[in-house]
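1. Using only what follows, build the 3D model:
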Amino acid sequence: MIGGRGRNAAAPLALVLAAMACGSGKDDKPRVVAAVESTTTADTAATHTTSRRRILFLGTSLTAGLGLEPDSAYPAVIQRLATKDGYAVDIINAGLSGETSAGALRRADWLMSQPLAAVVIETGANDGLRGLDPDSTAANITALIAKVRAAQPGAAVVLAQMEAPTNLGPAFQRRFRAVFPSVARAAGVRLLPFLLDGVGGRPELNQDDGIHPTAEGARRVAANVYRGLRPVLDSMRK
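-> Here you go, the predicted model:
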């Protein structure tokens, strides 16, 4: 079973992953682009100082919040949670629909132009959809982490676990699933659970396309990610 709950959760989730490319064509021609900085109030923007830390979310349409208002995408929800808990951080949403790990690697350079305290990487789902070699996905993510560290040596790096669709067979699923913990261990980065855990495959938490979370689904994704991100946020207070 991949994410979700219940005996039949894996099959619906395969449909979620199978359509995650969102109608995009080549890696460099995504259908939807979202790169917005999420803040909760005008006061937050007005009082931005050098003491505030920037956290970049580099991801696919799931991070971009395709089909949602910008303030309903899960990074924006995390911004509100962090502000409520007193963390002086600004979340930057750099989600790009249809992007593979190779595309994320190519795009990373221009995303590193400002100082960052942390980078959360959500990539690979479209690799799984296209049946790309998991070894290539692993190499791309490893190179992406190295690129982040070279450009932002002081930034924490967090990697989200992703899963492959079931129609590619259990052997491919196992290889793909193993990419993320293997890369995280080798690179020494924090690994988050599967991004859609408890949301994928549940119609009531997904939009009519059966692909992207609803606003409620995004809130649940945000809660899961936020739990894993709390140690990183706490370290910024030291």
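
2. count of residues packed around the closest residue to Q207 other than its chain neighbours?
-> If the residues on either side of it in the chain are set aside, Q207 comes closest to G67, at 5.0 Å by Cβ to Cβ, 6 or more residues apart in numbering. Placement of C-beta: from N, CA and C, glycine included. By the other Cβ atoms under 10 Å criterion, the neighbourhood of G67 contains 20 residues.

3. SS state for G67?
-> Here G67 takes the coil state, with states given by DSSP: H, G, I helix; E, B strand; the rest coil.

4. Thought A215 was touching it, still the case?
-> No - G67 lies out of contact with A215 (Cβ atoms under 8 Å); the separation is 9.6 Å.

5. who's in contact with the residue nearest to Q207?
-> Remark: with contacts taken as Cβ atoms under 8 Å, 6 or more residues apart in numbering, G67 is in contact with 207, 209, 212.

6. Quick check on those: which are buried?
-> In those, burial by neighbour count holds for H212, counting by 16 or more other Cβ atoms under 10 Å.

7. I'd like to know which of the contacts of G67 is nearest to A104.
-> The closest of those to A104 turns out to be H212 (Cβ to Cβ; 18.5 Å).

8. ok now do that closest one, which residues does it touch?
-> 61-62, 65-68, 206.

9. Could you single out the nearest of these to V189?
-> For those, with V189 as the reference and Cβ to Cβ as the criterion, the closest is L62, at 19.2 Å.

10. That closest one: helix or strand, and which one exactly?
-> L62 is part of helix 61-64, with elements assigned from DSSP states H and E.

11. Skip ahead from that helix and say which helix or strand is next.
-> Heading towards the C-terminus - elements assigned by DSSP H and E - helix 61-64 is followed by helix 74-84.

12. circling back: ok, and for the helix holding L62, which residues are buried?
-> For helix 61-64, burial by neighbour count (16+ other Cβ under 10 Å) applies to 61-64.

13. go on, stretch 199-219?
-> By neighbour count, and taking 16+ other Cβ under 10 Å as the criterion, the buried residues in stretch 199-219 are 199-202, 205-206, 211-215, 217-219.

14. In helices, which of the residues you listed appear?
-> Helix and strand membership here follows DSSP state H; of the buried residues of stretch 199-219, those in helices are 215, 217-219.

15. Closest one of these to Y74?
-> When these are ranked by distance to Y74 (Cβ to Cβ), A218 comes first, at 4.5 Å.

16. give me every residue that touches the nearest residue to S51 once chain neighbours are set aside.
-> Once flanking residues are discounted, S51 sits nearest to A88: 5.9 Å by Cβ to Cβ, 6+ apart. For A88, the contacting residues are 51-53, 236, by Cβ under 8 Å, 6+ apart.

17. Quick one, which of the residues you listed has the minimum pLDDT?
-> For the contacts of A88, the least confident position by pLDDT is S51, scoring 82.

18. I55 versus A94, what's the distance?
-> Distance check for A94 against I55: by Cβ to Cβ, to the nearest Å, it reads 11 Å.

19. re the thing from before, closest to L144 out of the ones in helices among the buried residues of stretch 199-219?
-> When these are compared for distance to L144 (Cβ to Cβ), A218 comes out closest, at 23.9 Å.
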